[in-house]
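[1] Got a predicted structure here, sequence first:
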Amino acid sequence: MNNKKIASVRGMHDIFGEDHYKQQDIIDNFIKVVSLFNFSPINTPIMEHSEVFIRSLGNVSDVVMKEMYSFLDKSKDSVTLRPEGTAGIARALVSNGLTQNLPQRYFYHGPMFRYERPQQGRLRQFHQVGIELFGKGSYFEDCEVIRIAYFFLKNLNILDKVLLKINTIGKSSSRNNFINEIKSYFNLNKKKLSSDSLKRLEKNPLRILDSKDPQDQDLLKEAPIIYNFLSKDELDNFENIKSLLSSIGISFIVDPFLVRGLDYYSDTTFEFTLKENQKFAILAGGRYNDLVKELGGSQIPGIGWAAGIERLKDLVVKIFKNISPVLLIPTEKKYLTYIFDISNKMFLKGINNQIIDFYNLKKSLKYANKNNAKIAIIVGEHEFNNFLVSYKNLDSGEQSYLDQEELFNKLRYA
RNA sequence: GCGACUGUAGCUCAGUUGGUUAGAGCGCUGGUUUGUGGUACCGGAGGCCGUGGGUUCGAGACCCAUCAGUCGCCCCA
């Protein structure tokens, strides 16, 4: 026999108690907000063919190169636990031919998986809520999606702790010109570049832009700016987004160095980060105009965002769930039928109740205390014989005999 | 993938330069109270000292590996 305790898999935690209530509360809040803006729910599998993510996120992105939870299934197909939600939904759009009737507005929530070192605000299994809007690529959509994020965070009462940053990285043609330009700029300044950024220069030069290294930051002051490489249309579009957001009272800062790590982004990118730790994003997203096409559909532009529930949870102030059950205490097993009958009636009236099968008053009342009960209903010989219950107020200690009609009358006002 | 710190009871943690039978508080449990809780007092249970190897007459302590946690970096929600 092996008595060793078994732990959960690294970076994957059990969620219960206070944490669970808090997370559920965030999800409930999210659903309430997005439903009011007529987004509809979609659940895609938590596992996809690896190709879905490789094609969409980009095969040089860090997420794909080192963070994918991939393995071969029994028929030797490479499958991957989803590292994010967008790719699967875009795939579902194509798979189910949902592209006939646009716009489509979807929301989702659920677990995501990334194989990385656990630390503050980062787990191997974590949970996200998110929305996706597939439409025609107008600047209205960008604002629509950002304002919904804004109201979501506002409802959670954490707007004062976050900062909205937006940027545009243009369409791929303009972006490629820009990338070539910064490549040569940084190549000229190679020796001043941090070692991390030297690697980025080969793999993904765009990422040097949001380097936090002070040396790199210095270099960035003189670096080419993306806006000089964008077409008039791209710039106008960005201006339209900014002025529409301002006109509806959503404040933001423009961050020309905000680039995101997933290949599918184009044009608008945005992030809500913590005010006091601006590299810590709690909600982030952007536009992905080529993603659906990349996954075998037609050219359907989309935009969306996702927020990490665990990251939000740490910001939301404690929610007190004052769950206070009525505890039903039989003193002997033979009163169970009678107690079940009362419990059933409470259920039908929507009263939170629980039967305690200790058959020991002292233990039962102790349990009642520990579980935040305010009222105990005791049934013993006297109560049973006279069709009564003892109604005990656990705060005051007062106790009285009631018949069932009196009991439910009293509970109505308790 | 790289780095730092940590791992002793359900929880929070003591445990001296390596030296008998590993401790405390909280929690749990029994009793004082045979149908009455919260308080008090008295008792009890509960530990392969994360795991595996090594050094030593002797390891919870030292060394190595490994797993896990926390926190940085990369990256990301």
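    Looks like it arrived, so ask away.
[2] The helix or strand hosting A:Gln24 packs against which elements?
    Taking DSSP states H and E as the definition, A:Gln24 sits inside helix A:17-36. Counting contacts by 3 or more Cβ pairs under 8 Å, 6 or more residues apart in numbering; DSSP states H and E, helix A:17-36 is packed against strand A:104-113, strand A:125-134, helix A:139-155, helix A:309-313. The way it works is simple: take the backbone N, C-alpha and C, and place the C-beta from them, glycine included.
[3] Buried residues, the first one. List them.
    Put plainly, it is strand A:104-113. A:Gln104, A:Arg105, A:Tyr106, A:Phe107, A:Tyr108, A:His109, A:Gly110, A:Met112, A:Phe113 (16 or more other Cβ atoms under 10 Å).
[4] near RNA strand B, which residues of the stretch 51-200 of chain A show up?
    A:61-63, A:66-67, A:84, A:114, A:116-123, A:126, A:128, A:196, A:200 (Cβ under 7 Å from any atom of the strand).
[5] May I see the buried residues of strand A:104-113 arranged in TSV, with distance to A:Phe16 and pLDDT as well?
    Putting the buried residues of strand A:104-113 into TSV (distance: Cβ to Cβ, whole Å; pLDDT from 0 to 100) gives the following:
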residue	distance to A:Phe16	pLDDT
A:Gln104	35	96
A:Arg105	33	97
A:Tyr106	29	98
A:Phe107	25	98
A:Tyr108	23	98
A:His109	18	97
A:Gly110	18	97
A:Met112	20	97
A:Phe113	20	96
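[6] Excluding chain neighbours, give the residue nearest to A:Tyr150 in space.
    Spatial nearest neighbour of A:Tyr150, chain neighbours left out: A:Ile250 (5.3 Å); criterion: Cβ to Cβ, 6 or more residues apart in numbering.
[7] show me the contacts for that neighbour.
    Neighbouring residues of A:Ile250 by Cβ atoms under 8 Å, 6 or more residues apart in numbering: A:Ile146, A:Arg147, A:Tyr150, A:Leu164.
[8] again, only this time at 10 Å
    A:Cys143, A:Ile146, A:Arg147, A:Ala149, A:Tyr150, A:Phe151, A:Lys154, A:Leu164, A:Ile166, A:Leu244 (Cβ atoms under 10 Å, 6 or more residues apart in numbering).
[9] same check, this time on A:Asn393
    A:Lys374, A:Ile375, A:Ala376, A:Gln399, A:Ser400, A:Lys410, A:Ala414 are the contacts of A:Asn393 under Cβ under 10 Å, 6+ apart.
[10] Residue of chain A closest to RNA strand B, please.
    A:Gly261 (0.7 Å; Cβ to the nearest atom of the strand).
[11] where does that residue land in three-state SS?
    What DSSP: H, G, I helix; E, B strand; the rest coil gives for A:Gly261 is coil.
[12] Hmm, it is touching A:Ser61, no?
    Yes. Here A:Gly261 lies in contact with A:Ser61, judged by Cβ atoms under 10 Å, at a distance of 5.7 Å.
[13] Comparing the two, which residue is more hemmed in?
    Neighbours per residue (other Cβ atoms under 10 Å) separate A:Gly261 from A:Ser61, with A:Ser61 holding more: 23 against 16.
[14] sorry, back to before: just confirm the residue nearest to A:Tyr150 is within a strand.
    No. Counting by three-state DSSP, A:Ile250 falls outside a strand, being coil.
[15] Domain parsing of chain A, as residue ranges.
    A:17-171+A:231-313, A:326-413 (automatic domain parsing).
[16] Can you say which of those is packed in most?
    Of these, the one with the most neighbours on average (mean count of other Cβ atoms under 10 Å) is domain A:17-171+A:231-313, at a mean of 18.
[17] how long is that domain end to end?
    13 Å (Cα to Cα, to the nearest Å).
[18] Please compute how far that domain lies from its chain's middle.
    10 Å (Cα atoms, centre = their mean, to the nearest Å).
[19] which of the contacts of A:Ile250 lies closest to A:Ser364?
    A:Ser364 has its nearest neighbour among those in A:Lys154, at 44.8 Å by Cβ to Cβ.
[20] what's the closest one in contact with, if anything?
    A:Lys154 is in contact with A:Val33, A:Arg147, A:Asp160, A:Ile250, counting by Cβ under 10 Å, 6+ apart.
[21] Can you check the pLDDT for it?
    pLDDT, A:Lys154: 96.
[22] Now the phi/psi pair for the residue nearest to A:Tyr150, please.
    phi -100, psi 120 (degrees, to the nearest 10).
[23] what residue ranges in chain A score low on pLDDT?
    A:1-4, A:319-322 (pLDDT under 70).
[24] follow-up on the earlier one: which residues are in contact with both of A:Gly261 and A:Ser61?
    Joint contacts of A:Gly261 and A:Ser61 (Cβ under 10 Å, 6+ apart) are A:Asn204, A:Arg207.
[25] For stretch A:358-376, output the C-alpha coordinates as PDB.
    C-alpha atoms of stretch A:358-376 as PDB (Å, rounded to 0.1, in the frame of the first residue of the first chain):
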ATOM      1  CA  PHE A 358     -25.200  14.100  14.800                       C
ATOM      2  CA  TYR A 359     -28.100  13.200  17.100                       C
ATOM      3  CA  ASN A 360     -26.300  15.100  19.800                       C
ATOM      4  CA  LEU A 361     -27.500  18.500  20.600                       C
ATOM      5  CA  LYS A 362     -24.300  19.800  21.900                       C
ATOM      6  CA  LYS A 363     -22.300  18.800  18.900                       C
ATOM      7  CA  SER A 364     -25.000  20.100  16.600                       C
ATOM      8  CA  LEU A 365     -25.200  23.500  18.100                       C
ATOM      9  CA  LYS A 366     -21.400  23.800  18.000                       C
ATOM     10  CA  TYR A 367     -21.500  23.000  14.400                       C
ATOM     11  CA  ALA A 368     -24.200  25.600  13.900                       C
ATOM     12  CA  ASN A 369     -22.000  28.200  15.500                       C
ATOM     13  CA  LYS A 370     -19.000  27.400  13.300                       C
ATOM     14  CA  ASN A 371     -21.200  27.600  10.200                       C
ATOM     15  CA  ASN A 372     -22.600  31.000  10.800                       C
ATOM     16  CA  ALA A 373     -26.100  29.800  11.400                       C
ATOM     17  CA  LYS A 374     -28.500  32.300  13.100                       C
ATOM     18  CA  ILE A 375     -31.400  29.900  13.600                       C
ATOM     19  CA  ALA A 376     -31.600  26.300  14.800                       C
END
